[in-house]
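Student: Just to be clear, the model below is a prediction. Sequence and coordinates:
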Amino acid sequence: MRILVSACLLGYNCKYNGKNNYNSKIVELLKEHEVVPVCPEMLGGLSCPRIPCEKVGDKIMDKEGNDCTKQFIKGAEIALNIAKEKQVDFAILQRRSPSCGYSLIYDGTFNGNLIVGSGIFAQKLQSLDIPIMEAESEKFV
C-alpha cells in the first residue's frame, strides 16, 4: 500500500515551532508499506520555524495578522499533485493543522480552541475521495 503521511509524524522537523509530531505507532505500522511524506506548509514556501497560523473563515492567518492563504493553497496543491502522482491509497494526517486537520482544527483565535473543520490540504484530498485517517485516532493512540 502507498500511504501519504504528514511529514511531522515521521519525525521531520517541519512544524511551525521547528519541531515535529513523531508518532512511533504510525512509524511501526508503516514499515510494511510505501510511505509518501509531505508537509504542505513547507511545500508552499513557509519557513521553519514560522509564526503559528490558523484558519479564519476562508483564510489562513498567522498570529501577527498576516495572510498566509496563498502559501497554504500552493502547498496543498503541490502535496495533492504528489498524492495523485504516487497514487496513494490513503493518508494519515496531523490533527488540528490548518493544512492537514481533518475533523478538528483550531478556531482562528490562537487560544487553543478547536472547532469541527478541515484544513486546506485535507479538503483537497477529500475532493479526490482519498481516505484520511488522523494521527490521533484510536488506532494510533
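Tutor: Nice, thanks for sending it over. Since this is a predicted model, take the numbers as computed values, not measurements.
Student: what residue of this protein is the furthest out?
Tutor: Largest separation from the mean C-alpha position in the chain: Glu32, at 22.3 Å (CA atoms, centre = their mean).
Student: Pull up the per-residue confidence for that residue.
Tutor: In this prediction, Glu32 carries a pLDDT score of 92.
Student: just Ala135 next, same as before
Tutor: 87.
Student: where's it relative to Thr109, distance?
Tutor: Distance, Ala135 to Thr109, by CB to CB, to the nearest Å: 23 Å. Every C-beta, even on glycine, is put in place using the N, C-alpha and C of the backbone.
Student: what do you get for Leu9?
Tutor: 25 Å.
Student: The two: who's more crowded?
Tutor: Leu9 (23 against 10; other CB atoms under 10 Å).
Student: give the contact list for the more buried one.
Tutor: Leu9 makes contact with 20-23, 26-27, 92, 94, 135, according to CB atoms under 8 Å, 6 or more residues apart in numbering.
Student: Quick check: beta-bridge partners of Pro37?
Tutor: In this entry, Pro37 is beta-bridged to Val5, by DSSP bridges.
Student: Count residues in the vicinity of it, would you?
Tutor: Counted with other CB under 10 Å, residues neighbouring Pro37 total 17.
Student: Distance-wise, check it relative to Lys59.
Tutor: Shown here: Pro37 relative to Lys59, a distance of 27 Å by CB to CB.
Student: still on that earlier bit, can you go through the contacts of Leu9 and name the buried ones?
Tutor: The neighbour count (16 or more other CB atoms under 10 Å) marks 20-21, 23, 26, 92, 94, 135 as buried among the contacts of Leu9.
Student: Format those residues as TSV; extra columns: secondary structure.
Tutor: Output for the buried ones among the contacts of Leu9, formatted as TSV (DSSP: H, G, I helix; E, B strand; the rest coil):
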residue	secondary structure
Asn20	coil
Asn21	coil
Asn23	coil
Ile26	helix
Ile92	strand
Gln94	coil
Ala135	coil
